[in-house]
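In: Quick one, what's the 3D model for this:
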Amino acid sequence: MIALPILLVFILKTGVFSFFFLILGLTAAGLLEFYRMALPQRRYAGFVAAFAGALLLPAVVSNFLPSFLPVDVFNRLPFPLCLTLLFLFIALLSLFTIRDIKQSAGDAGLFLLGFLYLPLLMSYLVLLREMDHGVKWIFLLLLIVMSGDTAAFYVGSNLGKRKLYPIVSPNKSVEGMLGGLGGSIIGTLLAGATFFPELTIVGAVATALFVGLLGQLGDLFESLLKRSFGVKDSGNIFPGHGGMLDRLDSVLFAAPSLYLYARYFF
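Out: Numbering: from 1, shown residues only. Just a heads-up that it's a prediction; the model follows:
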């Protein structure tokens, strides 16, 4: 009730560059949570890795938008080179800060997973915002995810009988997933009837199914990570709702899929 209206006003009233810094901050916060979950015994190394990994976001964005950032360093250090440097950094960090030699390879893999999971996927939010109808695309993304989450919760709570994927998320049901897709369709049709008239009915339904399904899979993937790490929530920044990653899990998978639709099919 407090954070969402502030976020919507910020998106509506600010430009792409301000939005970029918002996403950069969310990426850094998400990385900190990820490393606290994945590597609780490596807090200092996790903090350093989160800061370094967040810098991958401008590298990705500048790779798609060469003139987006006024600082030319990311144009001279393109994404593949930045990823190479980060890999070398993590390799050396793992080599010289050994805690348990039997876990060192797994720790290095988790450090690298964080880089790909958050900065790479979060960059598509900036790319969406920079496109024509950029604010509309961001609002549509939030509407698809939120309407899908809400419908999945209420349908699953009241009608859910068949388990969807109990080894990953025991409480999710097939009925909840289908209800979530229905909620995403309704939200997208509502967007087409109000602030995004450029969407056709067929395009709205196809977008909702494609993006809504990827959003639900993003939620399942984060559940997989949390169960693997033995935690219930990624953090406690949102009382009663968990951490930053718990709010971003669906968006992380939905944003690239919506960008693909907007860039190549819209």
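
In: which stretches of the stretch 101-250 of the chain form helices?
Out: With DSSP state H, counting those that start in this stretch as the criterion, the stretch 101-250 of the chain has helices at 104-115, 121-130, 134-159, 174-193, 201-229, 244-264.

In: Taking helix 104-115 as reference, get the angle to the fifth one.
Out: The directions of helix 201-229 and helix 104-115 differ by 150 degrees, with axes from the mean of the first three to the mean of the last three CA atoms, to 10 degrees as the criterion.

In: which strands and helices sit next to helix 201-229?
Out: helix 16-38, helix 134-159, strand 169-173, helix 174-193, helix 244-264 (3 or more CB pairs under 8 Å, 6 or more residues apart in numbering; DSSP states H and E). C-beta coordinates here come from the backbone N, C-alpha and C atoms, glycine included.

In: buried sites along it?
Out: 203-223, 225-226 (16 or more other CB atoms under 10 Å).

In: for the shortest one, same thing?
Out: Buried residues in helix 121-130, counted by 16+ other CB under 10 Å: 121-130.

In: Let me know the pLDDT of Met177.
Out: pLDDT, Met177: 97.

In: if I look at the closest residue to Leu113 other than its chain neighbours, how far off is Val168?
Out: Spatial nearest neighbour of Leu113, excluding adjacent residues (CB to CB, 6 or more residues apart in numbering): Ala38 at 7.6 Å. According to CB to CB, to the nearest Å, Ala38 stands 17 Å off from Val168.

In: which of the two has more neighbours?
Out: Ala38 (20 against 17; other CB atoms under 10 Å).

In: Confirm for me that that one is in contact with Leu118.
Out: No. At 11.8 Å, Ala38 does not count as touching Leu118 under the criterion of CB atoms under 8 Å.

In: Report the secondary structure element holding the closest residue to Leu93 other than its chain neighbours.
Out: Closest residue to Leu93 apart from its sequence neighbours, by CB to CB, 6+ apart: Ala45 at 6.0 Å. Per DSSP states H and E: Ala45 is located in helix 43-54.

In: Name the next helix or strand following that helix along the chain.
Out: That would be, after helix 43-54 and using DSSP H and E, helix 56-64.

In: in terms of contact, does Phe196 touch Leu141 like I think?
Out: No. Here Phe196 does not reach Leu141: they are 11.2 Å apart, not a contact under CB under 8 Å.

In: More neighbours: which of those two?
Out: Between Phe196 and Leu141, Leu141 has the larger neighbour count (other CB under 10 Å), namely 25 against 19.

In: ok, Pro78 - how many residues close by?
Out: Using other CB under 10 Å as the criterion, the residues surrounding Pro78 number 14.

In: Gly134 now?
Out: 18.

In: correct me, but it touches Val16?
Out: Yes. If you go by CB under 8 Å, Gly134 and Val16 touch, sitting 6.8 Å apart.

In: Can you pull the domain assignment for the chain?
Out: 16-130, 134-266 (automatic domain parsing).

In: Mind checking the pLDDT average for the shortest one?
Out: Model confidence over domain 16-130 averages 88 on the pLDDT scale.
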